[in-house]
Structure formats: structure tokens, C-alpha cells
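Student: Fold the following.
(one chain, ligands or ions: 2)
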Amino acid sequence: MEVIMAKYGEIALKGLNRSNFEDMLVKNIKRRLDKIGKFDVTRRQSTIYVQPLDESCDLDLAVKKVSHVFGIAAVQRSAVFKKDMEEIVRQSIPYLKDALERAKSFKVEAKRSDKSFPLTSPQIQQELGGALSDAYPHLITDVHNPDITVLVEIRDKGAYINAEKIPAVGGMPVGSNGNALLLLSGGIDSPVAAFMMAKRGLRVDAIHFQSPPYTSERALMKVESLCEKLTEYCGSIRFYCVPFTEIQEALRDNCSGDYFTVIMRRLMLKIANVICERGHCGALITGESVGQVASQTLAAIGCTDKAADYPVLRPLVGMDKKEIVEIARKIDTFETSILPYEDCCTVFTPKHPKTKPVLEDVLAEEAKFDFEPLIKKAIDGITVKDFKL
Ligand code: ATP
Ligand code: MG
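Tutor: Ligands and ions are numbered 1, 2, ... in the order given. Next comes the predicted model:
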């Protein structure tokens, strides 16, 4: 029989109620696996065990799914043998064949949490190491820097053997640190920002501003497809879509073009404030990065921030585009993000917005029109869609 052993980093447990943290992880893993088969998910001795309950379960897919659950630092696909040294040796030789034939050097590492097992850890290492060397004579033993480490764990329910520790996403379980509202555009950055904050244990909802007919139905479908993709890491996402056309038109017609972008972003935040409160979110998230575009200078960010009632989290603030793209590729949002549909941010935007807006001037410009009724109307017109895992 094979099982998946999922390990979480001890450091992540600091300051958190350990048992709550573990329960949340188990629940998140169960949810993740529900769609792909029947699995038993339990936790024992700082490890979460995922055991397939019928033959048809796709264990490779399950390994991938579990490795995408925040809070899990590493995943091992392991064989479970009887707790008998002879049996362990006899069965490990064929079980580890693929891994050992590919490797040049190896070592065996044993852990014994069941202290009633008659051999000590060094003895287990010696016995199994010797037998594997005999069976695969090309192998060199290298205790410092081996190609492969064969792990033997003697635990309550059996002996668990594996040769590969697969790194997982790490972070903290989604939901363990509260909720936040992501301003989601169709671009490359904001989906990555969602991934990064979910990694810190936030459950993420998303708000998107669209301006039909300036932005197309396909642009909206693109954003929805990004939500869908994000569920792989973020879990369920509630998606709010705001009709933003009238606000943008009023802004174009009543305020100086120099301030268009910064006021538009402030109006976005004012609407997001309301949804943040309704959705019990404790923060807003954006994909901004200092200096990337004119709306992301320190001065512009400063003026925008003043419109927010909640902390604005900007996990990409210090990252280069290249680093952001790397993550976008890893989480499989990149190809969708680069589809060439308009975002409302590019509608009516002047070629040369003020890069150093001064708050006083921005507020004076914004006061030239009473946006409140339109803000209310936009909020009433919001459509909500739930993206489930
Ligand atoms: P992205 O790649 O995320 O679109 P960007 O580099 O294109 O970012 P901007 O277009 O200036 O930068 O947007 C900055 C941030 O503002 C985005 O990361 C996103 O959080 C938010 N944002 C932009 N447009 C929208 C929109 N239509 N709806 C919701 N949020 C948006
Ligand atoms: Mg954008």
C-alpha cells in the first residue's frame, strides 16, 4: 500500500494554536481531494496521512494537489510495510528500484517514533543501507551529499519508506489569518498578489471593475478564468464584479485628465471599502509594485491609500516584473493574464498622468463632481459569483 505523508514546517506553528492549525490543514486537504477520489485524511505525530480508499484513486494527482495546499512544506509518497526489519528490507529493494537506479549515491536515514521497535535508528540504517548496496552495486554511500536519501520511519501504524521529499508550497493554511479583498484586474500582477497573501493564511475574495462597452465580455471571462485558476491555491473565492462605466465617464467629463488615474484608483478603493466591510475582510490586496507604472509612484500610492479604510497589502511592492512573471508561470495564471483584452484601467487614461500628484490637488479635483450617488449605484449593480475549489 502507498500513502502520502504531508509535513508542515515547525516554524509555521509559532504563535498559533497548534491543534487548530492542524485541523484547518486537514480540512483544506480534504476539500482539495474531494473532487479527485476517495481518500482518508488523518493526522498523527506531526504528519498528515493521505490514504487512498479505492484502487481508482490517482495518487500522482493527489500528490500534486496536496503539495499546493498552503501550510504543507513537503510531501512524501511512501510505501507502508509491516514493522519487521526483514520484511522492510525484502520489500524496499523492489519498491525503491526506479529511484535507486537513477541515482549514483545514496544514504539511508531512519527515524523511530515507535521505541518498541527492536532496532535503533543507526541499526536500521546499517541493515537497510547494506542490503540496498548489495542489491544495487553501482551505488556509492554518501552521508553528506547523496543523490537520494531513503527515509525509513517506524511509526505507530507501520514502517513508512520513501526516497523522495517533494517540496510543497509552504506558508500557512488558508483561513488561518482571516479574510482579505483582492483588487483583481486581468493583468499579470494581481493574481500573483492573491497567491502570495493566500500563502500567508488569508482567505481571498476578489473585486473586479469592468467598464462595458469599453471593456468586452471576453475581458470579464478572462478575469473569471483567473479566479478559477486561483482556487487551486486559494481555495474558494467570492468574486464581485462592479459596473464602473458611469463612474469613469463622469470622471472623464468632470475632472482634469492629469488626475484621471489617481482619482479612478481612489474611487475603486472607496467601493472596495464597502465590499470589504460586507464580506468581513480585514484588508485590501493589490498587485502594485513601486515604480512599475505612473499610478505606482510613491506619491500616487500615497494619494490612493488615503481613500482606503483598510490596510492595503501590496505583496509585490518590492519585486521586479521578472520575479512576478516567474510566479505567474508557476501558478499557471500567466498565459491567461497575457490574453490581450482591455482592462478598465486603460480606458480614458491620459498618456502622461501626473507622476507626483499632491493630495490637496487630487482632493480638489475629485470634489468637482459628486461621485457618491454613482458609487452607490455601482455598488447596487454588483454581481457576485462564487468560485469553488
Ligand atoms: P495587473 O497586472 O495586476 O493588472 P498592472 O501592473 O497592470 O497590474 P495597474 O493596471 O496600474 O497595474 O493596476 C494596479 C493594481 O490595481 C492591480 O494589480 C489590481 O490590484 C488593481 N486593478 C487594476 N485594474 C483593476 C480592475 N479593473 N479591477 C480591479 N482591480 C484592478
Ligand atoms: Mg493592469
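
Student: so what's Ile382 up against?
Tutor: Residues counted as contacts of Ile382 (CB atoms under 8 Å, 6 or more residues apart in numbering) are 240-243, 275. For every residue, glycine as well, the C-beta is placed using N, CA and C.

Student: what's the closest non-adjacent residue to whichever residue of the stretch 101-250 of the chain sits closest to ligand 2?
Tutor: The nearest approach of the stretch 101-250 of the chain to ligand 2 comes at Gly187, 3.4 Å away (CB to the ion). Distances taken as CB to CB, 6 or more residues apart in numbering put Ser337 closest to Gly187, at 5.8 Å, once the chain neighbours are dropped.

Student: any idea how far Val192 is from the one you found?
Tutor: 9 Å (CB to CB, to the nearest Å).

Student: okay, and the common contacts of the two?
Tutor: Taking CB under 8 Å, 6+ apart as the contact criterion, the common neighbours of Ser337 and Val192 are Ala328.

Student: Please say which of the two ends up with more neighbours.
Tutor: Neighbours were tallied for Ser337 and for Val192 using other CB atoms under 10 Å; the higher tally belongs to Val192 (28 against 21).

Student: Give me the contact list for the helix or strand hosting that one.
Tutor: Using DSSP states H and E, Val192 sits in helix 189-199. For helix 189-199, the external contacting residues (CB under 8 Å, 6+ apart) are 70, 169-172, 174, 180, 182-184, 204, 206, 226, 229-230, 233-235, 285-289, 292, 313-316, 324, 327-328, 331, 333, 337.

Student: Same check on stretch 267-277?
Tutor: The list of residues contacting stretch 267-277 from outside it, by CB under 8 Å, 6+ apart, reads 181, 183, 205, 207, 209, 240, 242, 244, 247, 251, 281-284, 304, 307-310, 312, 371, 375, 378-379, 382.

Student: Next step: those residues restricted to strands.
Tutor: Among the contacts of stretch 267-277, the residues falling in strands (DSSP state E) are 181, 183, 205, 207, 209, 240, 242, 284, 312.

Student: Is whichever residue of the stretch 1-150 of the chain sits closest to ligand 1 in a helix, a strand, or coil?
Tutor: Distances from the stretch 1-150 of the chain to ligand 1, computed as CB to the nearest ligand atom, single out Phe70 as the nearest residue at 20.3 Å. On the three-state scheme (DSSP: H, G, I helix; E, B strand; the rest coil), Phe70 is labelled coil.

Student: any idea how far the nearest residue to it once chain neighbours are set aside lies from Ala198?
Tutor: For Phe70, ignoring the flanking residues on the chain, the nearest one in space by CB to CB, 6+ apart is Gly171 at 4.0 Å. Taken as CB to CB, the spacing of Gly171 relative to Ala198 amounts to 8 Å.

Student: Next, show the common contact partners of these two.
Tutor: Overlap between the contact sets of Gly171 and Ala198, as judged by CB under 8 Å, 6+ apart, is given by Phe70.

Student: and Ile48, backbone torsions?
Tutor: Geometry field for Ile48 lists phi and psi as phi -100, psi 130, criterion degrees, to the nearest 10.

Student: again with the one 3 residues further on
Tutor: Main-chain torsions, Gln51, degrees, to the nearest 10: phi -120, psi 120.

Student: what does Ser56 give?
Tutor: phi -80, psi -10.

Student: burial count for it?
Tutor: There are 8 residues near Ser56, going by other CB under 10 Å.

Student: Enumerate the residues of the stretch 251-389 of the chain near ligand 1.
Tutor: The stretch 251-389 of the chain has residues 286-288, 292-293, 295, 343-345 near ligand 1, with proximity defined as CB under 6 Å from any ligand atom.

Student: Can you tell me which of these are classed as buried?
Tutor: Among these, those that count as buried by neighbour count (16 or more other CB atoms under 10 Å) are 286-288, 292, 295, 343-345.

Student: farthest-separated two in those residues?
Tutor: With distance counted by CB to CB, no two of these lie farther apart than Gln292 and Cys344, which are 17.8 Å apart.

Student: how much space between the closest residue in space to Ile247 that isn't next to it in sequence and ligand 1?
Tutor: Nearest-residue entry for Ile247: Leu374, 5.0 Å, with adjacent residues in sequence omitted and distances by CB to CB, 6+ apart. Using CB to the nearest ligand atom, to the nearest Å, one obtains 16 Å as the distance from Leu374 to ligand 1.

Student: Now stretch 116-130: buried residues?
Tutor: Neighbour-count burial for stretch 116-130, counted by 16+ other CB under 10 Å, picks out 117, 119, 121, 124-125, 127-129.

Student: before we move on, what about stretch 360-375?
Tutor: 362, 365-366, 371, 374-375.

Student: for stretch 193-209, same thing?
Tutor: The neighbour-count check on stretch 193-209 (16+ other CB under 10 Å) flags 193-199, 201-209 as buried.

Student: what's the span of that stretch, first residue to last?
Tutor: 17 Å (CA to CA, to the nearest Å).

Student: The residue of the chain most remote from its centre: what secondary structure?
Tutor: Summary for the chain: using CA atoms, centre = their mean, the residue whose C-alpha lies farthest from the chain's mean C-alpha position is Asp134, with a distance of 43.7 Å. In three-state terms, and counting by three-state DSSP, Asp134 is helix.

Student: Among the buried residues of stretch 360-375, which one lies nearest to Gly37?
Tutor: When those are ranked by distance to Gly37 (CB to CB), Ile375 comes first, at 46.9 Å.

Student: show me what contacts that closest one?
Tutor: Neighbours of Ile375 in contact, by CB under 8 Å, 6+ apart: 247, 267, 270-271.

Student: most surrounded residue in those?
Tutor: Greatest neighbour count in the contacts of Ile375, by other CB under 10 Å, goes to Ile247: 25 neighbours.

Student: Enumerate every residue touching that one.
Tutor: Contacts for Ile247 (CB under 8 Å, 6+ apart) come out as 264, 267, 371, 374-375, 378.

Student: try Lys30
Tutor: Applying CB under 8 Å, 6+ apart, we find Lys30 in contact with 39, 41.

Student: cutoff 7 Å now
Tutor: Applying CB atoms under 7 Å, 6 or more residues apart in numbering, one finds that Lys30 lies in contact with Val41.
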